[in-house]
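Asks: Everything below, folded, please.
(chains A and B)
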Amino acid sequence: MLKLVLKGGRIIDPAQKIDKVGDVLIEDGVIAKVGGDIDAAGAEVFDARGLVVAPGFIDMHAHLREPGQEAKEDFASGTRAAAAGGFTTVCTMPNTRPAVDDAVLVNGLIRRAELERLVNVKIIGAVTKGQEGKELAEVGDMLQAGAVALSDDGRHVANAKILRTGFEYAGMFGGLIISHAEEASLVEDGFMHEGAVSAMLGLKGRPAVAEDIAVGRDVMLAEYTGGRLHVAHVSTAGAVELIRRAKARGVKVTAEATPHHLTLTDEAVIGYDPATKVNPPLRSQEHVDALVAGLKDGTVDCIATDHAPHAFEEKDVEFRYAPSGFTGLETAVGVVLTGLYHSGKLTLPEVIEKLAAAPARVLGLEAGSLKAGAAADVTVLDPAAEWTVDSAKFYTRGKCTPFEGKRLKGRAVATIVGGRFVMKDGEVCG
Amino acid sequence: MTKSQVSLRGRDILELQGMSVPEMELILDTAREMKNVIDRDIKKVPTLRGKSVVNLFFEPSTRTRTSFELAGKYLGADVVNITTSASSVVKGESLRDTLLTVEAMGVDVIVMRHEAEGSSHYAAKVVKPVIVNAGDGQHEHPTQGLLDMFSIKEKKGSIAGLKVAIIGDILHSRVARSNIWALLKLGAEVRVAGPRTLLPRDMDRMGVQVYDRVEPALEGADVVNILRIQKERQQKGLFPTAREYARLFGINRARLDLAKPDALVLHPGPMNRGLEIAPDVAYSDQSVIQEQVKNGLAIRMAILFLVLMGGTNVETSA
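Replies: Numbers count the residues shown, from 1 in each chain, chains lettered A, B, ... in the order given. Model prediction:
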């Protein structure tokens, strides 16, 4: 029997409302006991004194680029990045080449993930064929094949009738539709948030109202059909308020925010660094404040990275020609702990809830908690560790990040998947 | 910081937003002396002999490119023009590789015009030669801004306290973004006016007064800076017709009379006569549009001189 004892850490498991110092016993890949002083005879011991032992973090929004764009990332590099960043489960979006829009692809990727993965990989299928927004994909077949949700991420399902059909049809299978909410006609040719900074830089803007309109419509369709909607990377105050009101009415809507939208403003774009180009764009302070407030009060359920690696040469161009997105798996925990915990905006249990229990709840995964009998997916944090972001040390193939050179406080120091270390002391194992 | 301590040697000229008042004044003062060189019979001076300047233009341009070319040549530098239609860019070469190629040839200054905002910032990070921004997308056109400051100062003596109206397509104008910063730094009151569809959102946060009608902006103005209207804006639906634009926003004699009687009229060119500017305004005594072209040459000479040779003691003897 393989035994591992995490000794003397602060155990925080929001799903079980646990916050206490003690030991965690892992046997044969599952959580055997949490709390107290556990006899470690015959067990491997990990000294967790001064550290936080949390349920494994789940990133419900990442781009692992398989199939088709393995030069940017693949399951091997992406899951190593996830392990390095403290994530035990990562969900990959279907905007690949080809788009993941049928069960054959879902099955193939699940098999690929079993062969290549270091952490758990979950597959998200497309809502429409080719993510073109014209015809519903075989969403029932994909969900039955193991897809955990459906999304045309990268694009908004612009045709309201198709989204309505998607909610109704996917609803038969309990399917969750993740929306990239953006009214396309208002954002075409826009490169950053529309406001004072875009006025100054001369860059065409993407107005916040484009997201508000799309969220408003999607929420109404979810309400009308009874479908389950999850709003990806919420970035505007208006969207937060629409979701807050919808939740109050009982609409089945959840939402996520990214570490960068929670901590950076559009002022980061001054200097035209393509590393700051992302979709939705970095917004102004009032939006950031609304997002943090929404996270705090539960309107925004969870934190997701929107990890979007690109090849060096794609981002090494003039701002307007650079693709949107950057890597996030290896900076997320440090950014969140620095920007939300050490700043006093969120408590540690709240941070862990947003990174573990909440995404598991949204996706309906048996994960995100240290309850006895659960798979031993664990993230160990050192909230006090100070470090400097250096993309040269990243495991992901995408080296572009707006946090390059930033000093952060707090990081994952160990990642355990199924009772096995996949990262220890910052080094990925295996 | 006093002017005598200011040096632009080796300094990239990317934008006026980040330029200090003493730096601007140094350029304007130097340009005054350079203008004397232009007026000479024999214009060539050996000041920049042995220095090389490349005009790297990714967009069509007559006046700016020619102005930089003559500025370099009048000061004795070797000047090469690269236009994208005749360069490896058409073969898909990246901006980084084009810049590295130019740098490898030992060039001292790269004057760059590019359609992407911030491209000169990018260039300054990638290569060592001094980068002079000759217009980057809708961001800035610093030498145009400085030549406009020179033109205003020459006629009005000082810029502090003047009321300056910038009229037209502010949203897409790199000239507006340079002039606004320069005018504000030099103490002018700046008003911008144009159809609301051609005004950037939240522009008032830059410290200017924003109007969606031209009349209140013109009232009592000392300077009227008219911007070019590009016809494709109309095709994109940002205003209904050229006719309506001319009627509602074009600067004609009657509208100009709302400004002070001695108000200067500026236009960066090329002009759409009859659209944003009526011919009787363009060619009136108040117009300094042709003088702006000469002043642009003087400014560019001053900049090439200052970034290559330093800050003081302009040596213009033949």
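Asks: any idea how far the nearest residue to residue A:21 once chain neighbours are set aside lies from chain B?
Replies: Among residues not flanking residue A:21 along the chain, residue A:10 sits closest, at 5.3 Å (CB to CB, 6 or more residues apart in numbering or on different chains). To be clear about C-beta, it is placed using only N, CA and C from the backbone, and glycine gets the same treatment. Between residue A:10 and chain B the computed distance is 43 Å (CB to the nearest CB, to the nearest Å).
Asks: ok, then the element right after the host helix or strand of residue A:10?
Replies: Assigned by DSSP states H and E, residue A:10 belongs to strand A:3-13. Proceeding C-terminally, strand A:3-13 gives way to strand A:18-27 as the next helix or strand, assigned by DSSP H and E.
Asks: partners of that following strand, with directions?
Replies: strand A:3-13 (antiparallel), strand A:30-34 (antiparallel) (DSSP bridges).
Asks: picking up where we left off before, hmm, residue A:49 and the residue nearest to residue A:21 touching each other?
Replies: No: under the criterion of CB atoms under 8 Å, residue A:10 makes no contact with residue A:49, lying 9.2 Å away.
Asks: In contact with residue B:143, which residues are there?
Replies: Residue B:143 sits next to B:13, B:64, B:67, B:68, B:132, B:133, B:134, B:296, B:299, B:300, B:303 when contact means CB atoms under 8 Å, 6 or more residues apart in numbering or on different chains.
Asks: now residue A:232
Replies: By CB under 8 Å, 6+ apart, the residues touching residue A:232 are A:61, A:151, A:153, A:178, A:179, A:180, A:181, A:256, A:304, A:306.
Asks: now the residues you listed as JSON lines including neighbour count?
Replies: Shown next, in JSON lines, are the contacts of residue A:232 (neighbours: other CB atoms under 10 Å in any protein chain shown):
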{"residue": "A:61", "neighbour count": "28"}
{"residue": "A:151", "neighbour count": "26"}
{"residue": "A:153", "neighbour count": "23"}
{"residue": "A:178", "neighbour count": "30"}
{"residue": "A:179", "neighbour count": "27"}
{"residue": "A:180", "neighbour count": "24"}
{"residue": "A:181", "neighbour count": "29"}
{"residue": "A:256", "neighbour count": "26"}
{"residue": "A:304", "neighbour count": "29"}
{"residue": "A:306", "neighbour count": "28"}
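Asks: which residues of the stretch 201-350 of chain A fall in helices?
Replies: A:208-225, A:237-249, A:259-263, A:285-297, A:312-315, A:332-336, A:348-352 (DSSP state H, counting those that start in this stretch).
Asks: Quick check: pLDDT value at the residue of the stretch 301-430 of chain A found nearest chain B.
Replies: Per CB to the nearest CB, residue A:318 is where the stretch 301-430 of chain A lies closest to chain B, at 3.6 Å. Note on residue A:318: pLDDT of 95.
Asks: Enumerate the residues of the stretch 1-150 of chain B near chain A.
Replies: Those residues of the stretch 1-150 of chain B that sit near chain A, judged by CB under 8 Å from any CB of the partner chain, are B:17, B:94-96, B:114, B:116-119, B:121-122, B:136-140.
Asks: Residue A:379 - how many residues pack around it?
Replies: Neighbourhood size, residue A:379 [other CB atoms under 10 Å in any protein chain shown]: 27.
Asks: contacting residues for the residue of the stretch 1-150 of chain A found nearest chain B?
Replies: In the stretch 1-150 of chain A, the residue found nearest to chain B is residue A:71; the distance is 16.5 Å by CB to the nearest CB. Applying CB under 8 Å, 6+ apart to residue A:71 gives the contacts A:311, A:397.
Asks: Over to it: give its phi and psi.
Replies: Phi and psi for residue A:71, reported as degrees, to the nearest 10, are phi -70, psi -30.
Asks: and the gap between it and residue A:77?
Replies: 10 Å (CB to CB, to the nearest Å).
Asks: Overlap in contacts, these two.
Replies: Residues touching both residue A:71 and residue A:77 (CB under 8 Å, 6+ apart): residue A:397.
Asks: what ranges of chain A fall below the confidence cut-off?
Replies: A:1 (pLDDT under 70).
Asks: Quick check: chain neighbours aside, which residue is closest to the residue most central in space within it?
Replies: Nearest to the mean C-alpha position of chain A, counting by CA atoms, centre = their mean, stands residue A:304 at 2.2 Å. Nearest non-adjacent residue to residue A:304, counting by CB to CB, 6+ apart: residue A:61, 3.6 Å away.
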